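# Everything below, folded, please.
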Amino acid sequence: MQNCKGAPKPNADRLVLLNELQPGRAGVIIEIIGGRGICNKLQAMGLYIGSRVRRVAGALGRGPVVVEAHGAQFAVGFGMANKIIVETENDK
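Residues are numbered from 1 along each chain as shown. Alright, predicted model coming up:
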């Protein structure tokens with residue numbers, strides 16, 4: 001399995017999977033765990049390493065996760081969201 005690796009992970013305590021990000025919280029995608037197919041599909045949607053994302057909504061359980069990035073909203077399936085590692089931003 002190939003990883004779309006990003007920057008080193010200096011703040012491991014702030015790392016969560018995209019589907020674990022609380023609604024309204026934001027962070028930066030630092031890694032995508034998967035092969036070329038998932039990386040290409042996410043990149044085509046505008047979601048890639050370094051993208052700032054904010055979780056807008058998400059269904060309870062295993063439903064899709066709605067995120068906002070680059071001024072647009074995207075629905076990401078549960079399985080795909082489970083492969084995206086996000087470093088959360090500090091609360092202000």
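# low-confidence ranges in the chain?
For the chain, applying pLDDT under 70 flags the ranges 1-10, 59-60, 91-92.
# Show me which helix runs longest in it.
Ranked by number of residues, the top helix in the chain under DSSP state H is helix 36-45.
# In that helix, which residues are buried?
I38, C39, L42, M45 (16 or more other Cβ atoms under 10 Å). The way it works is simple: take the backbone N, C-alpha and C, and place the C-beta from them, glycine included.
# Over to stretch 82-92?
Buried, per 16+ other Cβ under 10 Å, within stretch 82-92: N82, K83, I84, I85, V86, E87, T88.
# Touching, the second one and G35? I think so.
Going back to what we said before, that points to K83. No - in this structure, K83 is not within contact of G35 by Cβ atoms under 8 Å, at 9.9 Å.
# For V66, which three-state class applies?
Put simply, V66 is strand when judged by DSSP: H, G, I helix; E, B strand; the rest coil.
# same question, R55
strand.
# how deep is the spatially closest residue to it that is not a sequence neighbour tucked in, by neighbour count?
Among residues not flanking R55 along the chain, L21 sits closest, at 4.5 Å (Cβ to Cβ, 6 or more residues apart in numbering). If you count neighbours by other Cβ atoms under 10 Å, L21 ends up with 21.
# All set, thanks.
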